[in-house]
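S.K.: Sequence and predicted model, in that order:
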Amino acid sequence: MKNFLRDHGLWVLFAAAVISVALAVMSVFSTTSSPLTNAANTLAAPFRAAYTAVAGWFNDKQNYYKDTTALESQNEALRKQLAEMEETVRQAEAALEENKLLRELLNLREQRRDLSDMEAAYITEHTVTNWTSSLTLNKGTTHGVEVNDCVIDATGALVGIVSETGVNWSTVLTLVDTDTSLGAKVFRTDDLGVAQGDFSLMGQGRLRLNYLGADCQLLGGDLVVTSGLGEYYPSDLVIGSVEEVQLDDSGAASYAILKPEVDFDSLTEVFIIKSFDIVS
């Protein structure tokens with residue numbers, strides 16, 4: 001034995017070392033997996049990583065689509081809710097405007113009890129050309145409106161005269177229109193005349209009070225109202241005020257330039273006098 005170890009000791013030690021290393025390696029593999037399985041897993045690892053990345057990308061896109069769809073649905077619901085709220089606000093504003101109009105109508109009826117039947121109306125169009133000055137209203141024959149009805153504003157000042165009617169509309173010639181003509185008187189002096197639109201004055205928003213006496217004593221600022229003569233129109237509707245008085249070409253009569261009481265450009269609603277009581 002001693003001779004064997006002496007002659008083959010190095011080989012024995014080498015073999016023992018190799019066996020030890022092999023056992024150690026096998027021990028490691030035995031605690032994890034077989035060499036074949038380990039090799040397969042090693043080769044598959046990049047593919048698993050790629051699959052995981054792709055699956056994560058698809059999952060992110062799917063979540064993004066779900067979130068976007070949910071957001072669009074929420075936005076649509078909010079838009080619908082906003083539209084409903086805006087409609088509610090419009091209805092409330094319309095109701096407030098209608099209440100304002102009715103209050104003004106009630107106030108007019110209390111002030112002018114001789115104006116027995118009036119119809120509130122909104123102005124839908126204001127037409128001004130070289131030849132005419134008119135308003136279009138949203139009330140017509142269905143509401144009892146007739147040609148030659150007087151139209152006033154919320155203060156009771158005269159706006160004009162109805163010249164044409166339809167089922168649900170009517171046309172009003174304003175005071176400054178060249179076809180407007182009605183009896184008038186100066187409130188302070190009781191001088192009588194005819195308030196008429198004038199072509200040369202219409203562009204300035206003015207009209208004339210014709211057929212005054214040559215010796216009339218009108219002053220700037222004198223109030224002019226409807227006379228009520230002939231019972232065609234109610235009396236004492238304010239037409240406007242005197243700006244200046246001039247003699248006509250004949251020198252036998254005077255006329256006055258009148259500024260209407262009503263600002264036609266700012267009007268949005270008016271009141272149509274459908275019937276009135278004669279005040280003696």
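M.R.: Thanks, I have it.
S.K.: can you list the domains in the protein?
M.R.: As assigned by automatic domain parsing, the chain contains the domains 2-57, 117-275.
S.K.: And the helices in the stretch 101-250 of the chain?
M.R.: For the stretch 101-250 of the chain, the helices defined by DSSP state H, counting those that start in this stretch cover 199-202.
S.K.: hey, where'd the strands end up in it?
M.R.: Here the stretch 101-250 of the chain has its strands, by DSSP state E, counting those that start in this stretch, at 117-128, 133-137, 150-152, 158-165, 170-174, 181-186, 192-197, 207-213, 223-226, 238-247.
S.K.: Using TSV, please lay out those strands together with mean neighbour count.
M.R.: For glycine as for every other residue, the C-beta is placed from the backbone atoms N, C-alpha and C. Shown next, in TSV, are the strands of the stretch 101-250 of the chain (neighbours: other CB atoms under 10 Å):
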stretch	mean neighbour count
strand 117-128	16
strand 133-137	22
strand 150-152	25
strand 158-165	22
strand 170-174	24
strand 181-186	21
strand 192-197	21
strand 207-213	21
strand 223-226	20
strand 238-247	17
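S.K.: So which of those is nearest Glu110?
M.R.: Taking CB to CB, strand 117-128 is the member of those nearest to Glu110, at 11.9 Å.
S.K.: Give me the sheet partners of that closest one and which way each runs.
M.R.: strand 133-137 (antiparallel), strand 269-275 (antiparallel) (DSSP bridges).
S.K.: For these, give me JSON lines that also has distance to Leu78 and mean pLDDT.
M.R.: JSON lines is the format used below for the strands paired with strand 117-128 (distance: least, CB to CB, whole Å; pLDDT from 0 to 100):
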{"stretch": "strand 133-137", "distance to Leu78": "39", "mean pLDDT": "96"}
{"stretch": "strand 269-275", "distance to Leu78": "36", "mean pLDDT": "93"}
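S.K.: Make CSV from those and add distance to Val242 to it.
M.R.: Shown next, in CSV, are the strands paired with strand 117-128 (distance: least, CB to CB, whole Å):
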stretch, distance to Val242
strand 133-137, 20
strand 269-275, 24
